[in-house]
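Asker: Okay, here's the prediction I keep looking at, along with the sequence it came from:
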Amino acid sequence: MVSACLLGEKCRYNGKGYHFPSLVESLSGYSVIPVCPEILGGLPVPRPPCELKGGDGELVWQAQAGVFTEDGRDLTPAFCAGACNTLALAEKNGVKLAVLKDRSPSCGCNKIYDGSFRRRLVAGVGVTTALLKKHGIKVIAETDWSARRRNNDV
Ligand code: SF4
């Protein structure tokens, strides 16, 4: 399972996707399921940027943190619905590994933005990453995937 935006799908909050030809190439030979948890949660493209407040995705599942727009709209239910739908898709397809886009409030694996909307990063995971890991699915950031592929470590 791979974050759809990493594969060029225009599903990001700003209506864009990423262009990472080397990442796409490194996935050849794998059975890849593209997924955008925020779209699966019913959010539109484009949509307002969101950040986690009160903690990371793990704390969202303990009802101690949430996902908000800069003007304070609580979109936590949509992010949680997207994560649950992503998990269901992963389990239905027997997914063992997810390569997700770091820094996203859904897909972040190592770092997330700190909720100040000032582009400040802190250690933590997104809402979907936390749920997948809780259910035994290995999740790694796209940068870690590329490094491990270079070292023949996956
Ligand atoms: S980072 Fe995840 S939620 Fe955000 S656009 Fe990419 S796939 Fe969708």
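Answerer: Arrived safely, thanks for sending.
Asker: quick one: what helix or strand has Lys133 in it?
Answerer: helix 127-134 (DSSP states H and E).
Asker: quick one: that helix near the ligand?
Answerer: No: shown here: helix 127-134 not in contact with the ligand (CB under 6 Å from any ligand atom), separated by at least 7.1 Å. C-beta: built from backbone N, CA, C; applies to glycine.
Asker: ok, and for that helix, which residues are buried?
Answerer: Val127, Thr128, Thr129, Ala130, Leu131, Leu132, Lys133 (16 or more other CB atoms under 10 Å).
Asker: Not counting residues beside it along the chain, what's closest to Tyr113?
Answerer: Nearest residue to Tyr113, sequence neighbours excluded (CB to CB, 6 or more residues apart in numbering): Glu51, at 4.5 Å.
Asker: Quick one: neighbours of that neighbour, just the number.
Answerer: Number of residues near Glu51 (other CB atoms under 10 Å) recorded here: 18.
Asker: Go over the secondary structure and confirm it is in a strand.
Answerer: Yes: the assignment for Glu51 by DSSP: H, G, I helix; E, B strand; the rest coil puts it in a strand.
Asker: How confident was the prediction at it?
Answerer: Residue-level confidence at Glu51 comes out at 98, pLDDT.
Asker: Flag every buried residue along stretch 13-30.
Answerer: Under the neighbour-count criterion of 16+ other CB under 10 Å, stretch 13-30 has Tyr13, Gly17, Tyr18, Phe20, Leu23, Ser26 buried.
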